[in-house]
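Participant: no FASTA, just this:
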């Protein structure tokens, strides 16, 4: 019987061969090798499929119905104990990230259902700035870390999938619903990913906030709390656009507030 892989790294891409290569390099240099790399390509015409033929990825290239449909396809292909979604252009934050995650998981008395860490994100000067995660218990306020810094235990997912109802915030809906059933949660106090800015969630931030509002409503958040979160998110986003230097100074100086939980 073959040894079960620990990690399935799932990458969704479409006509972003440069980003795909950056993601691949960050995975290939990992000291820890107990992983598989799954690539779901949306029928790119930029040479991605030709390049993938020469890679070590478990890949497919065909038309799909968008990023979250592709992520569901990747999830179905995954055989690892933990799923990590790292899209084209996003990279792991160093060559020992998977090794550190594996050690932390192994040290837990009860195998965690959900693992998350901090992130790095490039500022306007293209300098990686650390963004400490908030506690997962603050998920009602929005994504507490980047989706690329979250790992989901595959067996704990059951039949949970990304909803086709949302174009931008299906990852938020997915994570909120998963946390309602997750029992053991592990926070790792170091960056897991380097997030590539400029994606659809940032280009269509208002739509993303509106979708998050609807998601919270559907999941039973009080109207007053939901409205307050929406206003706070809007203020924070406008502050980031108008005062980027102050925004990054505040973000990088904020202490991580994540915590371990076995309740």
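Facilitator: Nice, thanks for sending it over. It should be emphasised that the depicted structure is a prediction, and the values quoted were computed from it without experimental measurement.
Participant: what's around residue 19, how many residues?
Facilitator: 18 (other C-beta atoms under 10 Å). Glycine gets a C-beta too; all of them are placed from N, C-alpha and C.
Participant: in this protein, which strand has the most residues?
Facilitator: Longest strand in the chain by number of residues (criterion: DSSP state E): strand 185-195.
Participant: The residue nearest to residue 204 when sequence neighbours are not counted: what secondary structure?
Facilitator: Leaving aside its sequence neighbours, residue 204 sits nearest to residue 168 (C-beta to C-beta, 6 or more residues apart in numbering; 5.7 Å). Recorded secondary structure, residue 168: coil (DSSP: H, G, I helix; E, B strand; the rest coil).
Participant: Let me know the distance separating residue 168 from residue 113.
Facilitator: 25 Å (C-beta to C-beta, to the nearest Å).
Participant: hang on, the earlier thing: got phi/psi on the residue nearest to residue 204?
Facilitator: phi -110, psi -50 (degrees, to the nearest 10).
Participant: gap between it and residue 90?
Facilitator: Taken as C-beta to C-beta, the span from residue 168 to residue 90 is 16 Å.
Participant: And residue 57, by the same measure?
Facilitator: Residue 57 is 15 Å from residue 90, by C-beta to C-beta.
Participant: Likewise for residue 48?
Facilitator: 16 Å.
Participant: ok, those two, which is more surrounded?
Facilitator: residue 48 (26 against 23).
Participant: The residue lying closest to the more buried one once chain neighbours are set aside: neighbouring residues, count only.
Facilitator: If the residues on either side of it in the chain are set aside, residue 48 comes closest to residue 17, at 4.8 Å by C-beta to C-beta, 6+ apart. By other C-beta under 10 Å, 18 other residues sit near residue 17.
Participant: ok, residue 17 - contacts?
Facilitator: 44, 46, 47, 48, 51 (C-beta atoms under 8 Å, 6 or more residues apart in numbering).
Participant: Of the residues you listed - the most surrounded one?
Facilitator: residue 48 (26 neighbours).
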